[in-house]
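Engineer: generate coordinates for the sequence data below:
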Amino acid sequence: MSTDPLPAQPRLSVPLEVYYFDTDAGGVVHNIAYLRMVEIARTQLAAALGWSLEEMNRTGLVPVVARTEIDYLKPARLGDRLTVTAELTLLEKIRFLIHFEIASAAQPDLIFIRCTQTMVTVKLPGGRPQRVPPAWRDAYPQLIAP
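Structural biologist: A predicted model of the protein is given here:
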């Protein structure tokens, strides 16, 4: 993991726009497109927390999605400008949770989806479970599960 200091809050927001390939024939965002947007935000959050793609490649320590829970609240549409917010919310020994919201950039109270992903830290190759990054436990003790 990077030795740079971690941000005070393990949270970040990513601006995105809905493109044609994100939608169906009616101009409504596909459910799989929301998961791609979540993936973008999760990857950027990990990098902001010192766990970049380069670091994952170098160490073989990677986060793997174990569970995704998603609530589709309202449909986003072609051309909408969105804000995808990702926040690390819980740390366990080998698992951690990230909460996401995808909202309208113009109307932040207009939330299209809420999502929680349970991630498992593994070592590649082989996929053996590993502890979550110690730097996260040190920086965010309030997130450690009792």
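
Engineer: mind listing what's buried along the longest helix seen in the chain?
Structural biologist: Secondary structure of the chain per DSSP state H: the longest helix is helix 31-48. Going by neighbour count (16 or more other CB atoms under 10 Å), the buried part of helix 31-48 is 33-35, 37-38, 41-48. No exception for glycine: its C-beta is placed from N, CA and C like everyone else's.

Engineer: which single one of those is nearest to P129?
Structural biologist: Closest approach to P129 among these (CB to CB): A46, at 17.4 Å.

Engineer: against D71, how distant is that closest one?
Structural biologist: Distance of A46 to D71, given as CB to CB, to the nearest Å: 23 Å.

Engineer: ok, P15 next?
Structural biologist: Counting by CB to CB - P15 and D71 are separated by 22 Å.

Engineer: show me where the chain has its strands.
Structural biologist: Assigned by DSSP state E, the strands in the chain fall at 11-17, 61-72, 81-91, 95-104, 111-123, 128-129.

Engineer: would you mind giving these as TSV with distance to P5 and mean neighbour count added?
Structural biologist: Supplementary listing: these in TSV, determined by distance: least, CB to CB, whole Å; neighbours: other CB atoms under 10 Å:
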stretch	distance to P5	mean neighbour count
strand 11-17	15	16
strand 61-72	20	14
strand 81-91	16	19
strand 95-104	19	21
strand 111-123	21	19
strand 128-129	27	12
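
Engineer: quick check, pLDDT for the residue most central in space within the chain.
Structural biologist: Among the residues of the chain, the one closest to the centroid is R42, at 2.5 Å (CA atoms, centre = their mean). R42 is assigned a predicted lDDT (pLDDT) of 97.

Engineer: what does G127 give?
Structural biologist: pLDDT, read off for G127, is 89.

Engineer: what is the end-to-end distance of stretch 102-119?
Structural biologist: Distance across stretch 102-119, first residue to last, is 19 Å (CA to CA, to the nearest Å).

Engineer: for that stretch, the distance to its chain's centre please.
Structural biologist: Between the centre of stretch 102-119 and the centre of its host chain there is 12 Å, according to CA atoms, centre = their mean, to the nearest Å.

Engineer: quick check: mean pLDDT across it?
Structural biologist: Rounded mean pLDDT across stretch 102-119 is 98.

Engineer: what's it in contact with?
Structural biologist: 15, 29, 34, 37-38, 42, 63-76, 80-85, 89, 95-101 (CB atoms under 8 Å, 6 or more residues apart in numbering).
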